[in-house]
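Engineer: I would like the atomic coordinates for the input below:
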Amino acid sequence: QVQLAESGGGLVQAGGSLRLSCTASGRFFSINAMGWYRQAPGKQRELVSSITTGGSTNYADSVKGRFTISRDNAKNTVYLQMNSLKPEDTAVYYCNANAEVAYVGSRPVASWGKGTLVTVSS
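Structural biologist: All right, here's what the predicted structure looks like:
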């Protein structure tokens, strides 16, 4: 019931910047926490950053001080500004959203985007 459309990935040199966007659409009453995960080749998917409806944020230690997450609740959109990118940031980045789909106050259901590839060259 919730579709997530990601954009903004691409190829960038080390030290460069990219901005990822993810917009939720479909049938839902509200979206609670949103976030970004990533999966590098041969590795497990890991949390990069998350943000609540109220704006509280959480970051993986590896991206603290370099990445900034934000959201526009009116647009059901979450952003990830990535600065000072490193080759080890290379991964497929997935958007995640937890939405109340059954009724207001129902248990949130997690949805995932298809992912966007970020490649950082050295």
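Engineer: can we go C-alpha only for contacts and neighbour counts from here?
Structural biologist: Fine.
Engineer: who's in contact with residue 31?
Structural biologist: Shown here is residue 31, whose contacts under the criterion CA atoms under 8 Å, 6 or more residues apart in numbering are 53, 76, 97, 98, 99, 100, 108.
Engineer: same question for residue 26.
Structural biologist: With contact taken as CA under 8 Å, 6+ apart, residue 26 is in contact with 1, 2, 3.
Engineer: looks like the second one contacts residue 30 (just checking).
Structural biologist: Same thing as residue 2. No - contact between residue 2 and residue 30 fails when scored by CA atoms under 8 Å: they sit 10.5 Å apart.
Engineer: verify the stated contact: residue 119 with residue 90.
Structural biologist: Yes - Residue 119 lies in contact with residue 90 (CA under 8 Å); the separation is 4.6 Å.
Engineer: just give me the residue right at the centre of the chain.
Structural biologist: The C-alpha lying nearest the average C-alpha coordinate of the chain belongs to residue 36 (CA atoms, centre = their mean; 2.5 Å).
Engineer: hmm, back to that, between residue 2 and residue 30, which is the more surrounded one?
Structural biologist: When neighbours are counted by other CA atoms under 10 Å, residue 2 comes out ahead of the other of residue 2 and residue 30, with 21 against 18.
Engineer: give me the nearest residue to the more buried one, chain neighbours excluded.
Structural biologist: Of all residues not flanking residue 2 in the chain, residue 26 sits nearest, at 4.8 Å (CA to CA, 6 or more residues apart in numbering).
Engineer: and residue 24, how many neighbours does it have?
Structural biologist: By other CA under 10 Å, the burial measure for residue 24, its neighbour count, is 24.
Engineer: secondary structure element for it, which one?
Structural biologist: Under the assignment given by DSSP states H and E, the secondary-structure element containing residue 24 is strand 18-26.
Engineer: check which residues of that strand are buried.
Structural biologist: When burial is assessed from 16 or more other CA atoms under 10 Å, strand 18-26 yields the following buried residues: 18, 19, 20, 21, 22, 23, 24.
Engineer: all set now, cheers.
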